[in-house]
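S.K.: mind folding the following:
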Amino acid sequence: MACSDSCEGSGCRMTDKEIQARRENLLTPYEDFDTFGEWVEKYWMRNNPPKELDQAIATLGLGGETGEVLEKLKKEFRDGTLAREAALAALGDVVLYVITIARAYGYKPSDILKATYDELESQTVRGHPERKWRDDAY
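M.R.: Model prediction:
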């Protein structure tokens, strides 16, 4: 089951029934990135704060959680150990905030992945110096 055609290029809003059908018949929200985005939006918007405040909180949260990921990696480089579960949790929080910000601007999580994929492919075709490793890998 896909989102309705009316959500193309905009913030897709699946109904609770559609989300439940996906859960029962296809994938859990964390296995289907767009369904997860729907779940995140419902989770995030449950108190209905003003859109600008919601975006500001998500943006500041992204900065804080990104710093937490960097802190975990710093400790790995410095001490030679990585708190894997803590790093995983911090990365999950980064994803949550990225999806929240994207949804506020009408993007689905798959839109983010496609844009990134297209950019990387474009760089490879153009011979971007940092993408030369890709030719060796395949």
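S.K.: every contact and neighbour count from this point should use C-alpha atoms.
M.R.: Noted.
S.K.: what helix or strand is the closest residue to Lys72 other than its chain neighbours on?
M.R.: Setting aside the residues directly before and after it, Lys72 is nearest to Ala87 in space (Cα to Cα, 6 or more residues apart in numbering), at 6.1 Å. If you go by DSSP states H and E, Ala87 is part of helix 84-104.
S.K.: one step back: for the residue nearest to Lys72, grab the count of nearby residues.
M.R.: By other Cα atoms under 10 Å, the residues close to Ala87 number 17.
S.K.: pull out the buried residues from stretch 104-112.
M.R.: Counting neighbours by 16 or more other Cα atoms under 10 Å, one finds that the buried residues in stretch 104-112 are 104, 106-109.
S.K.: helices of the protein, residue ranges please.
M.R.: Applying DSSP state H to the chain gives helices spanning 16-25, 33-44, 51-79, 84-104, 109-125, 132-137.
S.K.: quick one: the second one to helix 109-125, angle?
M.R.: Taking axes from the mean of the first three to the mean of the last three Cα atoms, to 10 degrees, one finds helix 33-44 and helix 109-125 inclined to each other by 130 degrees.
S.K.: and helix 33-44, average pLDDT?
M.R.: Per-region confidence: helix 33-44 scores 82 on mean pLDDT.
S.K.: what angle separates that helix from helix 84-104?
M.R.: Going by the same axes, to 10 degrees, helix 33-44 makes 90 degrees with helix 84-104.
S.K.: send the alpha carbons of helix 33-44 over as PDB?
M.R.: C-alpha atoms of helix 33-44 as PDB (Å, rounded to 0.1, in the frame of the first residue of the first chain):
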ATOM      1  CA  PHE A  33      11.100   4.800   5.800                       C
ATOM      2  CA  ASP A  34       8.000   6.800   4.600                       C
ATOM      3  CA  THR A  35       5.700   5.000   7.000                       C
ATOM      4  CA  PHE A  36       8.200   5.800   9.700                       C
ATOM      5  CA  GLY A  37       8.100   9.400   8.700                       C
ATOM      6  CA  GLU A  38       4.300   9.300   9.100                       C
ATOM      7  CA  TRP A  39       4.700   7.900  12.500                       C
ATOM      8  CA  VAL A  40       7.300  10.500  13.500                       C
ATOM      9  CA  GLU A  41       5.000  13.300  12.400                       C
ATOM     10  CA  LYS A  42       2.100  11.900  14.400                       C
ATOM     11  CA  TYR A  43       4.500  11.400  17.400                       C
ATOM     12  CA  TRP A  44       6.000  14.900  17.100                       C
END
